[in-house]
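A.B. asks: build me a structure from this.
(chains A, B, C and D)
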Protein chains: 2
Amino acid sequence: MATGRTHRPATRSRGIPEATVARLPLYLRALTALSERSVPTVSSEELAAAAGVNSAKLRKDFSYLGSYGTRGVGYDVEYLVYQISRELGLTQDWPVVIVGIGNLGAALANYGGFASRGFRVAALIDADPAMAGKPVAGLPVRHTDELEEIISENGVSIGVIATPAGAAQQVCDRLVAAGITSILNFAPTVLSVPDGVDVRKVDLSIELQILAFHEQRKAGEETAAVRRTGTAGRPAAAAREGRKGPDGDVPAVMPA
Amino acid sequence: MATGRTHRPATRSRGIPEATVARLPLYLRALTALSERSVPTVSSEELAAAAGVNSAKLRKDFSYLGSYGTRGVGYDVEYLVYQISRELGLTQDWPVVIVGIGNLGAALANYGGFASRGFRVAALIDADPAMAGKPVAGLPVRHTDELEEIISENGVSIGVIATPAGAAQQVCDRLVAAGITSILNFAPTVLSVPDGVDVRKVDLSIELQILAFHEQRKAGEETAAVRRTGTAGRPAAAAREGRKGPDGDVPAVMPA
DNA sequence: CCATCTTTGTGCACGCGTTCACAAAGACAT
DNA sequence: ATGTCTTTGTGAACGCGTGCACAAAGATGG
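C.D. replies: Sure, this is the predicted structure:
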């Protein structure tokens, strides 16, 4: 799961818990798939399975929105799609700017998931003058100098930062000064923003490190099991094992 | 309370809360930056500020790892870097395969953050025969047919899925069958995996939708505030205001 | 050696989120 | 109408994570 949530420790936004808000897009996606298959109604059990959550949790989540279900039947798919879309603010158009058109920025610009739900890439912005005017995903890249103008003219309130870490805070400051109030940050840095500005962070490196932690734990337990039985488990695990210190890994530096 | 530095990794790691694990990479990054500036020690207050968290939380997080600080002084930067790295399993080498070399996959392959911390891109895999052999980020793209062989030979246990949503589950199944036990999924789908396999999800579309929810909320409150004071806060905010629907958005579909 | 000062490590309380379990509500058949 | 059956909506209990506040520990200076 992506990391997020920077400010606002306990923002019961409007009676809707933050955890529920984070799951609404998940439900919406599952419902949209059902809608495309012309499924008229769905039970909490079915929908929960499709969204990968517990059915009780799903029902409680929906209860924060209102009583949109019919007991004994389930939920009307189309109606629920609309209700969730409205709740998430997806019935309106959200222009978005992407700053930093490197590999990642270009990938984001080409990502179809943006346009599909109310989000429209208003502009691609990069600091490299050589990039200016070059078309990426059908849009000409604009230079950073025009940042404020672009945001103001298009009424953009959501910005995506895909720059190197070193440039992120500076870009962030300019975005905020220009009126941006929501930022999706892909740069591996902690952004500091004034109150009232939301930042969500997507950090590939952190996700991998969390996986590594659990992987190490699994490997360790497996190794212990192998030692007990005296037989190798998976070949791949055995191959990894040789690189790992026996246990008494020596610290690179000891404390004073 | 993992105070007494027992040399039982399994026991100790099981006691580390998931929320803490998710923050360790954050601390590690801040510490690495300090290390590069040759800062010898750091207080919980300073480090917490750099990592963007509460200092009490940071101290409690570290307390799960052991007593690595010195009262009245703070933490030894180098020592802490080592301890966290070891805890996260970053002192060993983690070969990773990336499946699906489209825009996003290529961006991930080129992402420097992977190599920097124990992660090594062992192979890039794509289903398109036309891609086979083509170099991306200095590595030749391999065809999906070789997937099992690549994983087995390189002892890969972590896989990254960057395919379209439709192919993700199938790729996932093959990865798991080949011995992968940790998956980072960028495809907008819920993956189902057997027990013992960890999946983390990064979903750009969901992050944007969560931002849109809060943005919508802010826009509503701001409009009310402006009406009360009769003066606009930030100029750009006023420009945005006109775009917003009055509120009475008509449902696309009404329930039966 | 003692006093003072800084900073850690943690006991405790509180609030959010999750899950269980079930009563209420409605559909449907007879 | 009445009973049965399905599924929702939610009260309540529990567990986890967070943050406060402070005692313990060690550094530092006289």
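A.B. asks: wait, is A:Val160 part of a strand?
C.D. replies: Yes - using DSSP: H, G, I helix; E, B strand; the rest coil, the secondary structure at A:Val160 is a strand.
A.B. asks: next up, the contacts around it.
C.D. replies: A:96-99, A:105, A:108, A:183-184, A:186 (CB atoms under 8 Å, 6 or more residues apart in numbering or on different chains). Any C-beta I mention is one placed from the backbone N, CA and C, and that applies to glycine too.
A.B. asks: just the closest of these to B:Phe119, please.
C.D. replies: Top of the list for closeness to B:Phe119, among these and by CB to CB, is A:Phe186 at 17.3 Å.
A.B. asks: turn the contacts of A:Val160 into TSV, including neighbour count, secondary structure and distance to DNA strand D.
C.D. replies: Shown next, in TSV, are the contacts of A:Val160 (neighbours: other CB atoms under 10 Å in any protein chain shown; DSSP: H, G, I helix; E, B strand; the rest coil; distance: CB to the nearest atom of the strand, whole Å):
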residue	neighbour count	secondary structure	distance to DNA strand D
A:Val96	25	strand	28
A:Val97	23	strand	31
A:Ile98	29	strand	29
A:Val99	27	strand	29
A:Gly105	25	helix	30
A:Leu108	25	helix	28
A:Ile183	24	strand	20
A:Leu184	24	strand	21
A:Phe186	24	coil	22
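A.B. asks: contacts with chain B among these, please.
C.D. replies: A:96, A:108, A:183-184 (CB under 8 Å from any CB of the partner chain).
A.B. asks: between which two of those residues is the distance greatest?
C.D. replies: Maximum distance among these (CB to CB): 13.6 Å, for A:Leu108 and A:Ile183.
A.B. asks: ok, back up a step: could I get the contacts of A:Val160 as CSV with pLDDT and distance to B:Val156?
C.D. replies: As requested, those are exported to CSV (pLDDT from 0 to 100; distance: CB to CB, whole Å):
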residue, pLDDT, distance to B:Val156
A:Val96, 97, 35
A:Val97, 98, 37
A:Ile98, 98, 32
A:Val99, 98, 34
A:Gly105, 97, 28
A:Leu108, 96, 27
A:Ile183, 98, 34
A:Leu184, 98, 30
A:Phe186, 97, 25
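A.B. asks: what about the strands in the stretch 1-150 of chain A?
C.D. replies: Taking DSSP state E, counting those that start in this stretch to define them, one finds strands in the stretch 1-150 of chain A at A:41-42, A:69-70, A:74-76, A:94-99, A:119-126, A:135-136, A:139-143.
A.B. asks: pick the most deeply packed of the ones you listed.
C.D. replies: Looking across these with neighbours counted as mean count of other CB atoms under 10 Å in any protein chain shown, the highest average goes to strand A:94-99: a mean of 24.
A.B. asks: how far off strand A:139-143 does it point, in degrees?
C.D. replies: Put simply, strand A:94-99 runs at 60 degrees to strand A:139-143, going by axes from the mean of the first three to the mean of the last three CA atoms, to 10 degrees.
A.B. asks: show me which residues of chain A sit near DNA strand C.
C.D. replies: Residues of chain A lying close to DNA strand C (CB under 7 Å from any atom of the strand) are A:10, A:12, A:17-20, A:53-54, A:56-57, A:59-60, A:70-73.
A.B. asks: quick one: contacts for A:Gly74?
C.D. replies: A:Gly74 is in contact with A:41-44, A:46, counting by CB under 8 Å, 6+ apart.
A.B. asks: quick check: closest non-adjacent residue to it.
C.D. replies: Closest residue in space to A:Gly74, ignoring its immediate chain neighbours: A:Ser43 at 3.9 Å, by CB to CB, 6 or more residues apart in numbering or on different chains.
A.B. asks: do the same with A:Ile98
C.D. replies: A:Val160 (4.5 Å).
A.B. asks: tell me the pLDDT of that neighbour.
C.D. replies: Listed pLDDT for A:Val160 reads 98.
A.B. asks: quick check: domain ranges of chain A?
C.D. replies: Taking automatic domain parsing as the reference, chain A has its domains at A:18-87, A:94-202, A:205-242.
A.B. asks: for chain A, name the helix or strand with the lowest mean pLDDT.
C.D. replies: Ranked by mean pLDDT, DSSP states H and E, the weakest helix or strand in chain A is helix A:235-241, scoring a mean of 40.
A.B. asks: which positions in chain A make contact with DNA strand D?
C.D. replies: Residues of chain A that fall close to DNA strand D, judged by CB under 7 Å from any atom of the strand: A:9, A:43-45, A:55-56, A:59-60, A:62-63, A:67-75.
A.B. asks: filter these down to the buried ones and hand me the ChimeraX line.
C.D. replies: Only the buried entries of the residues of chain A next to DNA strand D go into this ChimeraX selection, using 16 or more other CB atoms under 10 Å in any protein chain shown:
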select /A:43,44,59,62,69,74,75
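A.B. asks: check what pLDDT A:Lys244 gets.
C.D. replies: Value listed for A:Lys244 in the pLDDT field: 36.
A.B. asks: cool, A:Phe114 as well?
C.D. replies: On the pLDDT scale, A:Phe114 is placed at 79.
A.B. asks: cool, the one 3 residues further on as well?
C.D. replies: In the predicted model, A:Arg117 carries a pLDDT score of 79.
A.B. asks: with A:Leu80 instead?
C.D. replies: pLDDT, A:Leu80: 98.
A.B. asks: count the neighbours of it for me.
C.D. replies: Here the number of neighbours of A:Leu80 (other CB atoms under 10 Å in any protein chain shown) works out to 24.
A.B. asks: what distance do you get for it to A:Ser44?
C.D. replies: Relative to A:Ser44, A:Leu80 is positioned 11 Å away (CB to CB, to the nearest Å).
A.B. asks: identify the contacts common to the two.
C.D. replies: Residues touching both A:Leu80 and A:Ser44 (CB under 8 Å, 6+ apart) are A:Phe62.
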